[in-house]
Structures are given as C-alpha cells and as structure tokens.
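Engineer: using only what follows, build the 3D model:
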Amino acid sequence: MESNSKCTIGFYFKELSDSRQEWKIQHSLMDILTITICAVICGADGYEEIENYGLSKEEWLKTFLDLKNGIPSEDTFARVFSMINPKEFESCFLGWIKSIAKVTNGDIIPIDGKTLRRSYDKKSSKSAIHMVSAWSSENGCVIGQLKTNEKSNEITAIPQLLKTLDLHGCIITIDAMGTQRKIAKQIVDGGGDYLLAVKGNQQSLHEEVTSYFKDALDKNFKEIEHTYYEEKNKAHGRVEVRRYYAIENIHFMKCKDDWKNLNMIGMSESERTIGTKTSTEQRFFIGSIKPDAKTFARACRKHWEIENSLHWCLDIAFREDECRIRKGFASENIAIVRHIALNLLKKEKTLKNGIKAKRLNAGWCNEYLSKVLKTEFHN
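Structural biologist: Numbering: from 1, shown residues only. From the prediction side, this is the model:
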C-alpha cells in the first residue's frame with residue numbers, strides 16, 4: 001500500500017508465506033493481495049473481474065505498487081488464493097484488526113456462523129465451508145473469524161475464536177448452538193459476560209426457563225420480582241412491540257450451578273401486527289449480565305447486528321452466496337478479503353450511502369478509494 005497511507009494492511013500481511021516456486025514468480029504476493037482487496041472494495045466478485053479491475057486501474061496502481069510485470073492474469077489470482085495458508089491469512093487479519101479496532105469496556109460482541117453456499121465442490125466431495133465470525137458493535141466491524149466445515153462444529157470453533165479476542169468488560173452474545181457450559185465458563189474466565197439463547201438443544205435448561213416464564217405470564221408477574229422494558233416501532237404499515245423481562249431470583253433452577261456466574265434469565269417477546277394479523281414470538285436467554293431489562297434489551301438488539309450488518313451485507317452487497325470460488329483454500333481466503341473490504345467500507349463515513357453504493361463510488365473514483373484505504377477504525 002502507499003507508504004503515507006494510514007491503512008496498515010500491507011504491514012500486517014507482509015509476513016504471509018508465499019508457497020510458489022521462486023523461479024516462477026512474476027508478481028509479488030503483496031501486489032496480488034493489494035489489487036484483490038482494492039478490486040473487491042470496488043465491486044469485483046470473481047477472478048476475471050479482479051483482473052479487469054487491475055487492467056483498468058493499472059496506471060493508478062503503479063503509483064504505489066511495483067507491477068514490474070503488469071497486472072496478473074485471472075489464472076494467477078486463482079492459483080495464488082488457492083495456495084495461501086488460510087490459518088496464516090486469518091492470523092494476519094486478526095493482527096491487523098487488533099491494531100486498528102479497539103475493543104472497549106462495555107462492547108457487545110455477537111458471535112455467529114454463516115455458510116458459503118456455493119463453496120461446495122461436488123467433484124472433489126468438498127462440503128461448503130462455514131465461517132464463524134465475531135462482530136464488534138462498538139467498532140462496527142468483524143474482529144475475529146474462524147472456518148469450520150459443518151454447522152455442528154460451531155461448538156468446537158467458538159472456543160477457538162474466543163481465544164483470539166479480548167473479552168474483558170465485554171458482553172458476548174451467542175445463539176443456541178453456542179449455549180454450552182464450557183463456553184460460558186471460558187467467557188467469564190476471560191473477563192467477559194455472556195448472554196446465551198436457550199432452545200431445545202439444552203432440553204432440561206429450556207424446559208426450566210420456558211415453564212417458569214409461562215407461569216409468570218399466567219400470573220401477570222404478580223409477586224415475581226423482575227425488571228421490564230418495552231419498545232414500540234411503527235413503519236410501512238407494520239406495528240412491532242418488543243417486550244423484555246429479566247429475572248434475577250433464579251434459585252429454583254436445578255442446573256444453576258452448572259453455568260458459571262449465571263445471574264439472570266430473560267425473555268424477549270416480539271408482537272408484530274400487519275393489517276389485521278398479529279403474530280407473537282418469544283425467545284429465552286440465560287446470562288451473567290446484570291438482571292436489568294434495559295441492558296438485556298440492548299444486548300438482544302445488538303446481537304442482530306451480526307445478521308444485518310455482516311451476513312446480510314455479505315449476501316446482498318458482496319453476493320457471497322453466489323460466489324463459486326472454491327478451489328483449494330480459495331473460498332475461505334476470499335471470504336477473509338471480503339471481511340477486510342467490508343470493514344474498510346463500514347468505517348468510511350464521508351459518503352452517507354449503503355455498502356453497495358460505496359463499492360460503486362470506490363470503483364469510479366480513485367480519490368474515494370484512497371479514503372477507504374486510509375480509514376482508521378479508532379478515530
């Protein structure tokens with residue numbers, strides 16, 4: 001990258017191993033990586049588009065890249081990204097993020113997984129890869145990620161991902177797949193708090209929590225100590241009321257001592273009315289957070305950021321689910337590139353548009369792309 005750029009990607013990725021045969025190398029690994037990041041920021045979704053971007057922007061790229069042999073071909077991009085060690089690439093990514101995204105006390109960090117649907121390869125019996133990511137609500141960016149092959153393996157992947165994060169003073173929110181005693185303990189031992197969704201995969205816990213809230217609702221919470229918080233939204237002919245209940249007195253729970261620092265149980269109830277039709281959904285949680293309904297509501301809302309600000313964005317703005325890149329390690333390596341691009345675009349604030357519009361603008365305007373590349377997360 002430019003020597004005067006505030007973007008430190010080049011510095012943190014320069015130690016990435018190059019497994020190519022030295023005598024065959026015509027293009028430096030850093031040139032290939034930098035062109036790819038710029039191209040993906042600017043709207044490229046495949047190797048041919050990455051090459052075409054490089055060819056159209058060659059003169060500008062030469063202002064900060066060597067490019068002694070011109071722009072690599074799409075075959076070169078494909079071969080290199082299929083060979084890069086994804087664990088090394090993830091490690092470099094985490095080193096870069098830690099240098100620029102400062103996790104602060106009180107940050108809410110949702111963790112969730114996403115399958116790259118078109119990354120499966122029927123010919124080689126390669127299953128679709130599954131990426132587990134951690135999202136910083138405070139910074140508005142991905143701060144950690146780990147690849148796992150199967151949805152069920154999130155149980156083993158989440159503890160490995162947690163090891164890479166600074167949990168001190170943060171609230172970690174995880175859907176029911178991660179509601180495991182060892183994960184709760186690891187979060188508390190790391191100095192954080194947890195809010196975990198409760199569903200049928202923890203049958204006895206689920207039965208205890210749901211039956212207690214059913215009884216409480218039947219009694220209209222009479223003589224049951226609790227805190228309550230409500231939000232109401234009206235938009236596009238739809239009315240939605242969200243109610244949050246937090247209960248501290250959980251001495252009745254047989255499994256209370258199995259969950260480290262278990263301090264509260266909570267229920268969120270979403271009532272949605274469209275025209276004359278009303279639907280209600282209830283969700284249940286356990287947590288080590290303070291038993292305050294407003295705090296509980298904030299953690300619930302922030303958890304959905306990983307769906308709306310990350311997964312939805314990758315699918316809609318980056319068309320991730322349509323990407324057929326799958327040879328070797330390429331699918332997970334390009335997934336990391338998309339996370340780099342998304343992080344940079346999210347934190348560039350001078351253009352008040354969505355991610356898709358920002359990608360287009362970066363492709364049209366080198367000056368705007370330079371702003372994206374120079375973004376500092378902790379401004």
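Engineer: residue 168: neighbour count?
Structural biologist: Using other Cβ atoms under 10 Å, residue 168 is surrounded by 12 other residues. For every residue, glycine as well, the C-beta is placed using N, CA and C.
Engineer: now it: which helix or strand?
Structural biologist: Assigned by DSSP states H and E, residue 168 falls within no helix or strand.
Engineer: please apply the same query to residue 223.
Structural biologist: Residue 223 is part of no helix or strand when elements are defined by DSSP H and E.
Engineer: neighbours of it, how many?
Structural biologist: 7.
Engineer: residue 275 too?
Structural biologist: Using other Cβ under 10 Å, residue 275 is surrounded by 7 other residues.
Engineer: go on, the one 10 residues further on?
Structural biologist: Burial of residue 285 is recorded as 25 neighbouring residues (other Cβ under 10 Å).
Engineer: my guess is it meets residue 202, correct?
Structural biologist: No: counting by Cβ atoms under 8 Å, residue 285 sits too far from residue 202 to count as a contact (11.6 Å).
Engineer: chain neighbours aside, what residue packs nearest to residue 43?
Structural biologist: residue 359 (4.5 Å; Cβ to Cβ, 6 or more residues apart in numbering).
Engineer: isn't there a helix covering the one you found?
Structural biologist: Yes: under DSSP: H, G, I helix; E, B strand; the rest coil, residue 359 falls within a helix.
Engineer: now it: how far from residue 372?
Structural biologist: 9 Å (Cβ to Cβ, to the nearest Å).
Engineer: any common contacting residues for those two?
Structural biologist: 41, 345 (Cβ atoms under 8 Å, 6 or more residues apart in numbering).
Engineer: near the spatially closest residue to residue 69 that is not a sequence neighbour, how many other residues are there?
Structural biologist: Spatially, and ignoring its direct neighbours in sequence, residue 69 is nearest to residue 26 (4.5 Å; Cβ to Cβ, 6+ apart). Per other Cβ under 10 Å, the neighbour tally for residue 26 reads 11.
Engineer: about what we covered before: how about the residue nearest to residue 43, what does it touch?
Structural biologist: Residues near residue 359 by Cβ under 8 Å, 6+ apart: 41-43, 317, 345.
Engineer: what does residue 336 give?
Structural biologist: Going by Cβ under 8 Å, 6+ apart, residue 336 touches 86, 89-90, 93, 145.
Engineer: helices or strands next to the lowest-mean-pLDDT helix or strand in the chain in the packing?
Structural biologist: Ranked by mean pLDDT, DSSP states H and E, the weakest helix or strand in the chain is helix 9-13, scoring a mean of 79. Judged by 3 or more Cβ pairs under 8 Å, 6 or more residues apart in numbering; DSSP states H and E, helix 9-13 is in contact with helix 29-41, helix 86-100.
Engineer: low-confidence ranges in this protein?
Structural biologist: Scanning the chain for pLDDT under 70 picks out 1-9, 117-128, 149-152, 375-379.
Engineer: would you mind measuring from the residue lying closest to residue 363 once chain neighbours are set aside to residue 236?
Structural biologist: Take residue 363 and drop its neighbours on the chain: the residue closest to it by Cβ to Cβ, 6+ apart is residue 42, 3.5 Å away. From residue 42 across to residue 236, the span is 32 Å (Cβ to Cβ).
Engineer: higher neighbour count, those two?
Structural biologist: Shown here are residue 42 and residue 236; by other Cβ under 10 Å, residue 42 has more neighbours (25 against 5).
Engineer: check contacts around that one.
Structural biologist: Going by Cβ under 8 Å, 6+ apart, residue 42 touches 53, 359, 362-363, 369.
Engineer: any chance of the residues you listed in CSV, plus distance to residue 216?
Structural biologist: Shown next, in CSV, are the contacts of residue 42 (distance: Cβ to Cβ, whole Å):
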residue, distance to residue 216
53, 58
359, 48
362, 52
363, 55
369, 55
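Engineer: going by neighbour count, which of the residues you listed comes out on top?
Structural biologist: Greatest neighbour count in the contacts of residue 42, by other Cβ under 10 Å, goes to residue 362: 27 neighbours.
Engineer: so residue 147, which state does it fall into?
Structural biologist: strand.
Engineer: so how far is residue 336 from it?
Structural biologist: Residue 147 is 9 Å from residue 336, where distance means Cβ to Cβ.
Engineer: any shared contact partners between those two?
Structural biologist: Shared contacts of residue 147 and residue 336, counting by Cβ under 8 Å, 6+ apart, come down to 86, 90.
Engineer: look up phi and psi at residue 263.
Structural biologist: Residue 263 has phi and psi values of phi -120, psi -20 when expressed as degrees, to the nearest 10.
Engineer: circling back to that earlier point, overlap in contacts of residue 285 and residue 202?
Structural biologist: Joint contacts of residue 285 and residue 202 (Cβ under 8 Å, 6+ apart) do not exist.
Engineer: so residue 246, which of the three states?
Structural biologist: Classified using three-state DSSP, residue 246 is strand.
Engineer: before we move on, back to that, which of the helices and strands packed on helix 9-13 sits most buried?
Structural biologist: helix 29-41 (a mean of 23; mean count of other Cβ atoms under 10 Å).
Engineer: that helix: what's the following helix or strand?
Structural biologist: Following helix 29-41 in sequence, per DSSP H and E, is helix 47-56.
Engineer: which element follows that following helix toward the C-terminus?
Structural biologist: helix 58-61.
Engineer: circling back: okay, the helices and strands packed on helix 9-13 in a markdown table with distance to residue 303 next?
Structural biologist: Formatted as a markdown table, the helices and strands packed on helix 9-13 follow (distance: least, Cβ to Cβ, whole Å):
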| stretch | distance to residue 303 |
| --- | --- |
| helix 29-41 | 27 |
| helix 86-100 | 20 |
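Engineer: tell me the contacts of residue 147?
Structural biologist: By Cβ under 8 Å, 6+ apart, the contact list for residue 147 reads 86, 90, 129-132, 157, 332, 335.
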